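Chemist: requesting a structural model of the entry that follows:
(chains A and B)
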2 protein chains.
Amino acid sequence: MATTSQEKERIARAALARLMEPQDSVGLALVRAVGAVDALGVATGELATGPKLEQEISALLMDEGGPAGWPGLPASLRRWAPRIADLAPERDMATMRRLGGRVIVPGDELWPAQLADLGLQEPLCLWWRGNEQPLPTARQAVALVGSRDSTSYGASVTGDLAYSLAQRGFTVVSGGAYGIDAHAHRGALSGGTANVPTIAVMAGGVDRFYPSGNEELLRAVSNQGAVIAEVPPGSAPTRYRFLQRNRLIAAIASVTVVVEARWRSGALNTAHHAETLGRAVAAVPGSIHSANSAGCHRLLRDGGAICVTDAGEVAELAGAMGETTSDGKESLAAAHDGLCLEDLILLDALPLRSTSSIEKLTVVAGLSPEAVRAGLSRLNVLGLAVSERGTWKRANNA
Amino acid sequence: MATTSQEKERIARAALARLMEPQDSVGLALVRAVGAVDALGVATGELATGPKLEQEISALLMDEGGPAGWPGLPASLRRWAPRIADLAPERDMATMRRLGGRVIVPGDELWPAQLADLGLQEPLCLWWRGNEQPLPTARQAVALVGSRDSTSYGASVTGDLAYSLAQRGFTVVSGGAYGIDAHAHRGALSGGTANVPTIAVMAGGVDRFYPSGNEELLRAVSNQGAVIAEVPPGSAPTRYRFLQRNRLIAAIASVTVVVEARWRSGALNTAHHAETLGRAVAAVPGSIHSANSAGCHRLLRDGGAICVTDAGEVAELAGAMGETTSDGKESLAAAHDGLCLEDLILLDALPLRSTSSIEKLTVVAGLSPEAVRAGLSRLNVLGLAVSERGTWKRANNA
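Modeler: Coordinates of the predicted model:
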């Protein structure tokens, strides 16, 4: 069977993903410079390098605002060398097929186009466990993130938001962890109307549902939605990989909502990625006595985040036009709001139980008799003042 | 006894304050044009008006962004006429002396200079019940405002904020109402270190402590701080006067903090005044399930307000330099925060219980042997990695 160039690209990227940690800038620049197939050749020592390639990589790193000086390709080759013996991309791809999944790479129809916003830091490939169906665009996706040690407040708010967002057709993106992440996935699964109600972006390989306490939940996410990672099967979810993973959550969604987070929290790292990408960052307020909301308040105070209190406000940030915001709160407008100042003064001067003469109203309100008469007729039209035999009182509803 | 010109000005302004409602733009422009003494003459019909005066008032109103057309001075004269019979400024001033108070006017040494920021809307005078002592500058004053129907959360937050701000030497300004206002005054009285720990700005006359349920509290405020109003003794606290009063609260303080407010609330009106004056507006976040925080969240979301969670953050907004913010939260920084990415990867790769060889670490971490050795020595110096007979493990505290 002839292998197409896209398939060769896929196999090479699957191999490189095992060789390199996420966001290995030199490795990613190498791929950008010579393509994944030749990059694998260079990384494994099968293809020679030269000063021209080094210069090209330098230029790419500089373009991305990388360090002015880098140790050169030989240092990277030494870093990659210990893992060459483990390379078996076909085996990894077979593993994904066995798990009911696949590996997708840039250029695939199913590749989420919004990941290109990561520039050089776009992942080499995605290991995807779940049904083969289009993943959401950024506008269709909202990230809900937060602490593992969520409170009952955070749990309830996250569940409500995820359910309502999923009901509106949004895909809820999160990290598959305990706490806020789990409530986000669970709420989205129960409310989902989109093809992919929720996506769990894992820090480790998707062959293992981690943490183990979320195994059932993540299995449900992979059955109805998608469980994805940029690291190959078998990769451990290390702290470094958690931090790198956060940029994918931020990049897939148009809005990152931090529901509950401590003063220092990984969720703030995700928010920072979103901000860097020019995506909207939102935070849910909470009690100032709750340490689990301190990170949210920090985001609000530092100016980067927008305060959100319901799914309508989040949907608005995601650019979903035609959605109503803040469910009818505007309709609470009191009838007094449209009154001019003189009429407001006059309304204040009108007694509620007894009645008052126009002459007396001129004194109490400090208005001329003409102004009182004109104002009373306006208030009367609005149903705020009623007259009884030439004297006036306030209407019951005023 | 000869009456000085400043005393004549005082008497005239005391009289005008009874004739005109707060923020009577035409009346205030008239005072600005001809001085208070002559303005009183015009307002009471003792001095004639003419086209030149009308033009001057028009120009002043236009300068303040007022309406392009106004009905002319005769309309105002008709508005003021019904109250002329009640004028008795000396009696009102005697009432204030009997209450242990006074009337102050612009130009007095005790006049709060920051009220000039109100421009034409600066009050004619202030009726002040309390000890004669310097009122705070804007930088020394913080307004705490909010709903009458406060929750236990709002009560506790307001009390804590007011107490801590007063302890730091700030004057807490509020409106003397039930709920948040009362908690603000009470907290400030118990914590106060300034000459004037708290100021209650009343919508009605200061002869009566309103509402009656706050009588004891307002008496204490007048004993230790100040109870002030721009309307003369005997004036009823009408809705219109409440709205006008709010601009004084906003103008006296450098920061207006909304602690708890419903979606529609008078406190938002105060916040709006503060914003118009270029003063800082802050809001305390709360549960999104609490209707009493919806107004605060609205302020945060609409971008005008800054999120504050403790007195330190409020003090910072008031421009109190040298104050520490957010009490030591920064010190919670984990030891990992300063690590470079490679060392973070390496730390992740280090086992906690067993030990690992350098060769194995190159595979797990994806780093060259040199990088692993250099990284281990850095982590060792930081106390994050320990070696045992040539193999390495993570330190217990890492």
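
Chemist: now do the contacts for residue A:100.
Modeler: With contacts defined as Cβ atoms under 8 Å, 6 or more residues apart in numbering or on different chains, the neighbours of residue A:100 are A:129, A:130, A:131, A:222. Any C-beta I mention is one placed from the backbone N, CA and C, and that applies to glycine too.

Chemist: residue ranges with poor pLDDT in the stretch 201-350 of chain A?
Modeler: Flagging of the stretch 201-350 of chain A using pLDDT under 70 yields the residue ranges A:303, A:320-341.

Chemist: give me the nearest residue to residue A:119, chain neighbours excluded.
Modeler: If the residues on either side of it in the chain are set aside, residue A:119 comes closest to residue A:64, at 5.9 Å by Cβ to Cβ, 6 or more residues apart in numbering or on different chains.

Chemist: do you know the pLDDT at that neighbour?
Modeler: Looking at residue A:64, its pLDDT stands at 81.

Chemist: so it sits right up against residue A:25, yeah?
Modeler: Yes: the pair residue A:64 and residue A:25 passes the contact test of Cβ atoms under 8 Å, sitting 7.1 Å apart.

Chemist: shared neighbours of those two, anything?
Modeler: When contacts are counted by Cβ under 8 Å, 6+ apart, the set common to residue A:64 and residue A:25 consists of A:120, A:121.

Chemist: which one of the two has more residues nearby?
Modeler: Between residue A:64 and residue A:25, residue A:25 has the larger neighbour count (other Cβ atoms under 10 Å in any protein chain shown), namely 19 against 14.

Chemist: roughly how far apart are the more buried one and residue B:372?
Modeler: When Cβ to Cβ, to the nearest Å is applied, the distance between residue A:25 and residue B:372 equals 19 Å.

Chemist: quick one: the strands in chain A?
Modeler: Secondary structure of chain A (DSSP state E): strands located at A:101-104, A:126-130, A:141-146, A:171-174, A:198-201, A:226-229, A:255-260, A:280-283, A:306-307, A:385-388, A:391-394.

Chemist: need those strands in CSV with distance to residue A:273 and mean neighbour count, can you?
Modeler: Conversion of those to CSV gives the following (distance: least, Cβ to Cβ, whole Å; neighbours: other Cβ atoms under 10 Å in any protein chain shown):
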stretch, distance to residue A:273, mean neighbour count
strand A:101-104, 21, 22
strand A:126-130, 17, 25
strand A:141-146, 10, 32
strand A:171-174, 12, 30
strand A:198-201, 12, 29
strand A:226-229, 16, 26
strand A:255-260, 8, 31
strand A:280-283, 9, 26
strand A:306-307, 16, 24
strand A:385-388, 58, 15
strand A:391-394, 57, 18
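
Chemist: nearest to chain B, of these?
Modeler: Nearest to chain B, of all those, is strand A:306-307, at 3.8 Å by Cβ to the nearest Cβ.

Chemist: quick one: strands adjacent to the closest one?
Modeler: Based on DSSP bridges, the strands next to strand A:306-307 in the sheet, each with its direction, are strand A:280-283 (parallel).

Chemist: one step back: now, among the contacts of residue A:100, which is nearest to residue A:152?
Modeler: Comparing the contacts of residue A:100 against residue A:152 with Cβ to Cβ picks out residue A:222 as the nearest, at 27.7 Å.

Chemist: okay, and the beta partners of residue A:256?
Modeler: In this entry, residue A:256 is beta-bridged to residue A:143, residue A:281, by DSSP bridges.

Chemist: residue contacts, residue A:28?
Modeler: Taking Cβ under 8 Å, 6+ apart, one finds A:20, A:120, A:121, A:122, A:124 in contact with residue A:28.

Chemist: out of the contacts of residue A:100, which are close to chain B?
Modeler: With respect to chain B, and counting by Cβ under 8 Å from any Cβ of the partner chain, no part of those is in contact.

Chemist: wait, which of those is closest to residue A:206?
Modeler: Taking those together and measuring to residue A:206 by Cβ to Cβ, the closest member is residue A:129, at 4.4 Å.
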